[in-house]
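Trainee: Build me a model:
(2 chains)
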Amino acid sequence: MKILPTGDLEVAPKETITVTVVKSQRPYAAAISDLIGAVWETSQKPNDLTEERTFRAPTSKASEVFCAIVFDFSPNDQGAFDPGDKYTVTMKGNSAEATRIATVVPPPIVSLTFTFVIRG
Amino acid sequence: MKQQASKWKKMFFCGAAALLLFGSPDLSRAADAPADKDAVRKIFLSSITNIKAAKQRHAEATTRAASLTGLQKATAKEEANQAALDAQAFVTTNMIPYVQFVTGGAVYRSLLSDLEEKRLDKQTEAAGGTSGGTSPVSRGSVPSLLGFAVEHGGLLESTKDTLVTFRGNAANFVKALSQSDYIKSWIDPDSPLVIQGLQRLSFAVSFDTSQGDAPGVFTGRAQQFAGASAHIDIYNHRDPRHPAYYRSWNDLVAGSGVALANSLNALLAQLRNYTGPARGTRPYETWRTAAQAAIASASADQVEAVVLKQAEEFRRIFGTVPALQPFFRNAANALSAYAEQRRHGLDKIAKSPIASVEYNFARQLPEAKTLNSMATGATSTSPVGGITLPDFSSVTFIGAMSFGRSTQAPELTGNATLTFFNSHRQGSTAGSLRDYRLTTQLDVPLRDIPNIGLPRLSVSYLFLSLLENPLGAKVTVDGKEIGTTGNIHLFQAKLNIAVKNSGVKIPISFTYSNRTELKTEKEKRGTIGITYDFDSLLARPKGGS
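Mentor: Numbering: from 1, shown residues only, chains lettered A, B, ... in the order given. Predicted coordinates for the structure are as follows:
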């Protein structure tokens, strides 16, 4: 996987991509979309603050895969958010090229959409 | 009369000073900024905050990289690079604000929590029944950090003095100060049991400013100490971060959350594939390139303006494209459904029942002072040679429940209190149990007053049965006994105005009672106070506001 200057992620055909979302404090409240252009192959929650999914990139050159994640944060009883709370999203391919690590902080609701472009 | 007017004047200036000291910068900004600009800023607050945070991470990593070598330098440079990508991503792929902006922006109100001003259950003032206090009821919740209240005129003791109360949670306050992190100040299930226990415990200390060397001036010295209380939560699940709600959060994101993520994903895919009127153009790519360049060159102070400008550009380019409208609408509907489910869950949590216990220590200085002033000019007093009165302690069981699940639903609080004398005068045959009392209060939120705040109407009834002389000793002035046993019925109507975004509340009340503890005549009185809840000051989001 390679990070393009636009922020898009260039991946090789059939490359396995691992998406990991980790929250720093409970409760975890992130929603990962279905993929457009591919399907999730595995999905697991190793603990109550982590979610990990994988997919295999399609073979069609220059095709795109889209993945949106919605990040929510629980307020306290006053309706305020912990500024120290965060989500860390890691996008990693099976080659040792590059890893995209995004950080999301409150206030909610935040979304990020990642675009994977198949290397042509 | 003149003296009374002077006290009201003093209270007014006290309130004004507190507003100046603690008032929200949002209020002043709202006055000179167009309302719609403020609304747009609120919609894009998550993007603005995240971009500022990313820029800060970028700056810190860049500085660190400059002083490092080898692998450490490369790691710091990579951190800076990721932060720069984050800043780009939040202006171009955080689609939630754009959906709200393009479709009218109505959804954001249900996303932003108004819990701060809407909560009815927090007690900042002195515990119900404290000497000189103006509240007949002790409430279920207290500020999680520190609260401050100034009250004028005791309800039960016929005093007209001013009581200053500090209330808070010691464990949370120390934790917040040491971590510069207020919001972590809650019951974390991973904290040691001792800390969890301490976090359930809050304190309050009250001072009577009429006492001491400088009457009328708050000194905080022992001479002015009027009472103290400790409050422990037995059942209080009003924090949405409580482990009891983890499943609810999970259900929210697994249902409406995934639907929202899917709709945003479809929208962005459509935006990228949309070709403009000119053949071969990709308007999203053009807009994204410009937005990313603008955000990359913006300083932290310029971020907000850049984001708002790009939002206008986005709406101009894509807001009326017919092919994109169904995707914006779908996303808006999904966002609305998510926001509604989220708000419903938070309202339900905010209105869950509360049970707590409060111990209150009261020093009888105000009564002694009143008594001494009553005795001034009297021809005979008993006992002769001054009055020393026993202090007393009370234990209050507090319950609170709501009529409805909305933050606007009325709330009922009930207290049951037993009060004991801490000591006895020599030779006294009086019992230890001074009184028992039952109190109930109904709080009803009223309609929001624009640019002022959210008023709350409270109606209270207190029944107090004095089983012993309230002073703990028989005292007569000119042969007339001061303070007798009997029943007190007290009714209070209070209007509490929460000043928007400031944590300041101004309670104005009218009280009627058939008698007081020291006088058997009927009494009617009006009181005014000011309270400040520091929670709301420290809870403001950093960077984004």
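Trainee: May I ask which helix or strand encompasses the residue of chain A positioned farthest from its centre?
Mentor: Centroid-distance maximum for chain A: A:Q78 at 29.8 Å, with CA atoms, centre = their mean. Here A:Q78, judged by DSSP states H and E, is contained in no helix and no strand.
Trainee: Likewise for the one 10 residues further on?
Mentor: Mapping A:T88 onto the secondary structure by DSSP H and E places it in strand A:87-92.
Trainee: how distant is that strand from the center of its chain?
Mentor: In terms of CA atoms, centre = their mean, to the nearest Å, the centre of strand A:87-92 is set 5 Å apart from its chain centre.
Trainee: ok, the nearest residue to B:Y98 once chain neighbours are set aside to B:R525 distance?
Mentor: Excluding its sequence neighbours, the residue lying closest to B:Y98 (CB to CB, 6 or more residues apart in numbering or on different chains) is B:F314, at 5.6 Å. The way it works is simple: take the backbone N, C-alpha and C, and place the C-beta from them, glycine included. Using CB to CB, to the nearest Å, we find B:F314 at a distance of 59 Å from B:R525.
Trainee: With B:A76 instead?
Mentor: Taking CB to CB, one finds B:A76 at 66 Å from B:R525.
Trainee: count of residues packed around B:G197?
Mentor: When counting by other CB atoms under 10 Å in any protein chain shown, one arrives at 13 neighbours for B:G197.
Trainee: which residues touch the strand holding A:T88?
Mentor: Outside strand A:87-92, the residues that touch it by CB atoms under 8 Å, 6 or more residues apart in numbering or on different chains are A:1, A:9, A:17-24, A:30, A:69, A:71, A:99-104, A:112, A:114.
Trainee: For the host helix or strand of B:A296, buried residues please.
Mentor: Using DSSP H and E, B:A296 falls within helix B:283-297. Within helix B:283-297, the residues scored as buried using 16 or more other CB atoms under 10 Å in any protein chain shown are B:283-284, B:287-288, B:291-292, B:294-295.
Trainee: What of stretch B:475-490?
Mentor: Neighbour counts over stretch B:475-490 (16+ other CB under 10 Å) mark B:475, B:477, B:482-484, B:488, B:490 as buried.
Trainee: among these, which two are most distant?
Mentor: Farthest apart among those by CB to CB are B:V477 and B:L490. That separation is 23.9 Å.
Trainee: Can you tell me which residues in the stretch 201-350 of chain B are near chain A?
Mentor: B:238-241, B:243, B:245-246, B:249-250, B:252-254, B:257-258, B:260-262, B:264-266, B:268-269, B:272, B:288-289, B:292, B:335, B:338-339, B:342, B:346, B:350 (CB under 8 Å from any CB of the partner chain).
Trainee: Quick check: what element follows the helix or strand of chain B with the lowest mean pLDDT along the chain?
Mentor: Every helix and strand of chain B was ranked by mean pLDDT, DSSP states H and E. The lowest is helix B:25-32, at a mean of 32. The first helix or strand that comes after helix B:25-32 along the chain, using DSSP H and E, is helix B:35-43.
Trainee: I figured B:A269 hits A:I36, correct?
Mentor: Yes: between B:A269 and A:I36 there is a contact at 5.1 Å, judged by CB atoms under 8 Å.
Trainee: Mutual contacts of those two, please.
Mentor: Common neighbours of B:A269 and A:I36 (criterion: CB under 8 Å, 6+ apart): A:64, A:66.
Trainee: So which residues of the stretch 201-350 of chain B form strands?
Mentor: Secondary structure of the stretch 201-350 of chain B, counting by DSSP state E, counting those that start in this stretch: strands at B:201-208, B:225-236.
Trainee: which one of those is the most hemmed in?
Mentor: Of those, the one with the most neighbours on average (mean count of other CB atoms under 10 Å in any protein chain shown) is strand B:201-208, at a mean of 22.
Trainee: pLDDT (mean, whole number) over that one?
Mentor: Confidence for strand B:201-208, expressed as mean pLDDT, is 84.
Trainee: okay, the angle between that strand and strand B:225-236?
Mentor: If you take axes from the mean of the first three to the mean of the last three CA atoms, to 10 degrees, strand B:201-208 sits at 160 degrees to strand B:225-236.
Trainee: So which elements touch strand B:201-208?
Mentor: In terms of contacts (3 or more CB pairs under 8 Å, 6 or more residues apart in numbering or on different chains; DSSP states H and E), strand B:201-208 is packed against strand B:162-168, helix B:170-179, strand B:225-236.
Trainee: can I get the CA coordinates of the first one in CSV?
Mentor: Right, the one you point to is strand B:162-168. C-alpha atoms of strand B:162-168 as CSV (Å, rounded to 0.1, in the frame of the first residue of the first chain):
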residue,chain,number,x,y,z
THR,B,162,-25.3,35.7,53.1
LEU,B,163,-24.0,32.1,52.8
VAL,B,164,-21.2,31.2,50.4
THR,B,165,-20.9,27.5,49.5
PHE,B,166,-18.2,25.6,47.7
ARG,B,167,-19.2,22.1,46.6
GLY,B,168,-17.4,19.5,44.6
